[in-house]
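Enquirer: return atomic coordinates for the entry below.
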Amino acid sequence: MKAIAYQQNLPVHDPLSLQDIHLDTPIATGHDILVEVKAISVNPADFKIRQDMPAPQGEWKILGFDATGIVKSVGENVSLFKPGDKVWYAGDVSRSGSNAELQLVDEHIVGNMPKNLSFDEAAALPLTAITAWELLFDRLKVDKDNANKRILVIGAAGGVGSIMVQLLKQLTKLEIIATASRPETVSWLEDLGADHIINHRYKLSEQFAEKQLPLVDYVVSLNNTSEHLIEIEKVIKPQGQFALIDDPQTLDIMPFKMKSISIHWELMFTRSLFKTDDMQAQHQLLNDVAKLIDNGQIKTTVGEHYGVINATNLRRAHERLETQQAKGKIVLAGF
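Expert: Next up is the predicted model:
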């Protein structure tokens with residue numbers, strides 16, 4: 001099978017940072033299904049791992065944590081899928097990823113693909129949908145039916161933010177304050193349903209004052225958290241909740257003590273990495289998101305299509321994400 005992989009941690013402009021290769025076809029056993037990958041999208045996790053995580057000595061590391069495809073075969077213990085099913089998933093960071101024609105993935109973290117989207121359109125959503133859903137409903141456990149509560153989403157125009165704003169709009173009564181810094185991303189968030197939009201390039205507290213926005217019950221930081229910590233403490237209510245997904249080199253949470261702010265981390269790979277008892281929750285939430293899409297409540301967050309799945313196009317996608325200027329998700333399809 002064709003695949004795109006690396007053996008050395010190299011800058012994205014180096015042709016060896018991602019290479020076109022051929023590998024043997026994997027075989028599904030146990031709870032694994034073998035998926036013929038039709039489309040993928042690219043996430044910050046891809047370039048962060050490419051930069052920092054070495055491949056095993058003499059082996060290839062295949063990235064890719066978003067895919068849609070068709071089930072080709074199933075392991076002897078599989079009960080959720082059969083050959084021919086259309087599926088979508090984000091996969092497991094500890095296993096070979098979706099930048100390959102064929103991929104093994106545990107059935108418990110795979111969902112049935114939305115019927116109303118193409119493979120390309122659906123590929124934009126699994127990782128971000130899982131991340132947003134788990135952060136809102138498993139970590140923060142937001143008070144969905146309380147219209148008097150407010151949430152601030154920092155970095156809301158990216159992949160996770162784009163689906164999070166939609167989930168908030170469709171499944172909760174919360175007032176949504178989102179941040180964006182460019183005209184096109186402001187327009188994007190307006191279309192997705194954000195109630196207020198402020199610019200994360202400037203002090204959050206000053207913009208709250210200018211727009212006469214009350215303090216918020218929840219703050220979600222999706223990128224550059226260390227740059228916003230001081231301002232987050234200023235705009236969050238006493239006994240509020242703060243959640244983040246990025247990787248700040250340092251995280252001084254002492255300023256949150258006076259207000260008794262709770263801190264929540266979200267990593268959508270936790271369930272698959274540790275084989276948690278509730279691992280199948282990802283299967284269920286992906287099916288729930290698919291229903292929202294098929295009912296016309298959620299739309300795809302494709303921002304750009306970079307063509308076929310090969311090393312050249314994936315290096316372009318990594319380079320784009322490294323600038324932190326992407327709107328929505330970058331999608332590739334076909335080999």
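Enquirer: ok, Pro83 - contacts?
Expert: Val71, Lys72, Ser73, Val74 (C-beta atoms under 8 Å, 6 or more residues apart in numbering). Heads up, the C-betas are built off the backbone N, CA and C, glycines and all.
Enquirer: out of those, list just those in helices.
Expert: With helices defined by DSSP state H, no entry of the contacts of Pro83 lies inside them.
Enquirer: so Ser260 versus Gln241, what's the distance?
Expert: Separation of Ser260 from Gln241 (C-beta to C-beta, to the nearest Å) stands at 10 Å.
Enquirer: and those two? which has more neighbours close in?
Expert: Of the pair Ser260 and Gln241, Gln241 is the one with more neighbours under other C-beta atoms under 10 Å, namely 20 against 9.
Enquirer: what segments of this structure are helices?
Expert: 44-52, 119-123, 126-133, 159-171, 183-192, 204-210, 225-235, 270-273, 281-294, 311-322.
Enquirer: before we move on, the earlier item: which of the contacts of Pro83 sit farthest apart?
Expert: Farthest-apart pair in those is Lys72 and Val74; separation 8.6 Å (C-beta to C-beta).
Enquirer: between the two, which contacts overlap?
Expert: Contacts common to Lys72 and Val74, judged by C-beta under 8 Å, 6+ apart, are Ala28, Leu34, Pro83.
Enquirer: got JSON lines for these, with distance to Gln207 and pLDDT too?
Expert: JSON lines is the format used below for these (distance: C-beta to C-beta, whole Å; pLDDT from 0 to 100):
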{"residue": "Ala28", "distance to Gln207": "52", "pLDDT": "98"}
{"residue": "Leu34", "distance to Gln207": "50", "pLDDT": "98"}
{"residue": "Pro83", "distance to Gln207": "53", "pLDDT": "98"}
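Enquirer: in strands, which of these fall?
Expert: Counted as lying in strands by DSSP state E, out of the shared contacts of Lys72 and Val74, are Leu34.
Enquirer: tell me the one among the shared contacts of Lys72 and Val74 nearest to Ala311.
Expert: Nearest to Ala311 among the shared contacts of Lys72 and Val74, with distances taken as C-beta to C-beta, is Leu34, at 22.9 Å.
Enquirer: pretty sure that closest one is touching Ala28, no?
Expert: Yes: with contact defined as C-beta atoms under 8 Å, Leu34 reaches Ala28; the gap is 4.1 Å.
Enquirer: give me the common contacts of the two.
Expert: What both Leu34 and Ala28 touch, as defined by C-beta under 8 Å, 6+ apart, is the set Lys72, Ser73, Val74, Leu104.
Enquirer: residues contacting Arg50?
Expert: Contacts of Arg50 by C-beta under 8 Å, 6+ apart are Tyr6, Asn9, Val12, Ser17, Leu18, Leu63, His318.
Enquirer: same thing but 6 Å
Expert: Counting by C-beta atoms under 6 Å, 6 or more residues apart in numbering, Arg50 makes contact with nothing.
Enquirer: per-residue pLDDT, it?
Expert: Arg50 carries a pLDDT value of 96.
Enquirer: looking at the helices of the chain, which is buried most?
Expert: helix 126-133 (a mean of 27; mean count of other C-beta atoms under 10 Å).
Enquirer: can you list contacts of that one?
Expert: So helix 126-133 is in contact with 43, 65-66, 88-90, 159-160, 163-164, 167, 268, 282, 285, 289, going by C-beta under 6 Å, 6+ apart.
Enquirer: now that helix: average pLDDT?
Expert: 97.
Enquirer: what's the pLDDT at the residue nearest to Asp143 when sequence neighbours are not counted?
Expert: Excluding its sequence neighbours, the residue lying closest to Asp143 (C-beta to C-beta, 6 or more residues apart in numbering) is Lys149, at 5.4 Å. Predicted confidence (pLDDT) for Lys149: 98.
Enquirer: Lys149 - how many residues pack around it?
Expert: Neighbours around Lys149, by other C-beta under 10 Å: 18.
Enquirer: next one: the worst-scoring helix or strand of the chain on mean pLDDT to chain centre, how far?
Expert: None of the helices or strands of the chain scores lower by mean pLDDT, DSSP states H and E than strand 302-305, at a mean of 89. The chain centre lies 14 Å from the centre of strand 302-305; the measure is C-alpha atoms, centre = their mean, to the nearest Å.
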